[in-house]
Every structure is written in C-alpha cells, then in structure tokens.
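sequence first, then the predicted structure:
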Amino acid sequence: QVQLVESGGGSVLPGGSLRLSCLASGRIDNMYAMAWRRQTPGKQPELVARITRLGDIYYRDSVKGRFTISRDIAKNAVYLQMNSLKPEDTAIYYCVVERYGSSGDYWGQGTQVTVSS
C-alpha cells in the first residue's frame, strides 16, 4: 500500500517562505515523476512543479524563480521550497506520484498553505 505524507504547510506573511516535504512509502511501480499540485476552492488542481525520474524539472510560470523542487531518491521524498510567497499562492498543496499510462496517480492528503497579511 502506497502512502504519501506531506508536512510543512502553514500560514506566512507575503514575502515569507515555507518548505513542504513529502515522504512516500510502499512499493511504487511505473513511476514517471513526483510532483506538487495545488487546489483552491471551486477550482481544479493545478500543477505547480514536477521532477521526473530522470531529473527533468518543470515549474508553472507563476512560481518560476520563487519555488524550487528537489528530491531524495534514497528516502523516496520530494520537497518544495517556496520563497517570496504571494497571497495567490494560498491553496492546499498535494504531493503526487505520477505514473505512466493508465496506472493511476497516488495523492497525499494535502497540506494547507496560507499567505496573508
């Protein structure tokens, strides 16, 4: 059974920083990438950042230069360093293991990030 456990969310002032962590346990087959997605009420989840098994990295435009995704392969962990946070970054952030084909992705339980003055 695969489990993803996120930590590191919280409330910060605009311009502040947070570091999200995600630890995956269990056997994961057909993994393509580990990613962070976020969701706000009434909207579909959006991809924030992704790091593939080969180490290729993607960021959505609005977080480029502010967020950094990294991983620890030995620990099956992925991290998201978020700097210069803006109110529009407020969302529930989910750790996602993306898998090839129709295997289906694994999602964590989510962690709330609130950026407000």
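Structure's in. What do you need?

beta partners of residue 5?
residue 23 (DSSP bridges).

which stretch of helix or strand covers the residue most central in space within the chain?
Nearest to the mean C-alpha position of the chain, by Cα atoms, centre = their mean, lies residue 36 at 2.1 Å. Assigned by DSSP states H and E, residue 36 falls within strand 31-39.

give me the contact list for that strand.
With Cβ atoms under 8 Å, 6 or more residues apart in numbering as the test, strand 31-39 has contacts from 20, 22, 24, 45-53, 69, 71, 78, 80, 89, 91-100, 110, 113. (C-beta placed from N, C-alpha, C; glycine too.)

ok, of the residues you listed, which come out buried?
Buried members of those, counted by 16 or more other Cβ atoms under 10 Å: 20, 22, 24, 45, 48-51, 69, 71, 78, 80, 89, 91-99, 110, 113.

among those residues, which lie within strands?
Under the assignment DSSP state E, the buried ones among the contacts of strand 31-39 contribute 20, 22, 24, 48-51, 69, 71, 78, 80, 91-99, 113 to strands.

what's the end-to-end length of stretch 58-77?
Using Cα to Cα, to the nearest Å, the end-to-end distance of stretch 58-77 comes out at 17 Å.

one more: stretch 48-64?
9 Å.

that one: how far from the chain's middle?
Counting by Cα atoms, centre = their mean, to the nearest Å, stretch 48-64 is centred 10 Å from the centre of its parent chain.

check stretch 75-89 too.
For stretch 75-89, the distance to the chain centre is 7 Å (Cα atoms, centre = their mean).

who touches that stretch?
Residues from elsewhere that reach stretch 75-89 (Cβ under 8 Å, 6+ apart): 12, 14-25, 28, 34-36, 38, 48-49, 51, 62-63, 66-72, 93, 95, 113, 115-117.
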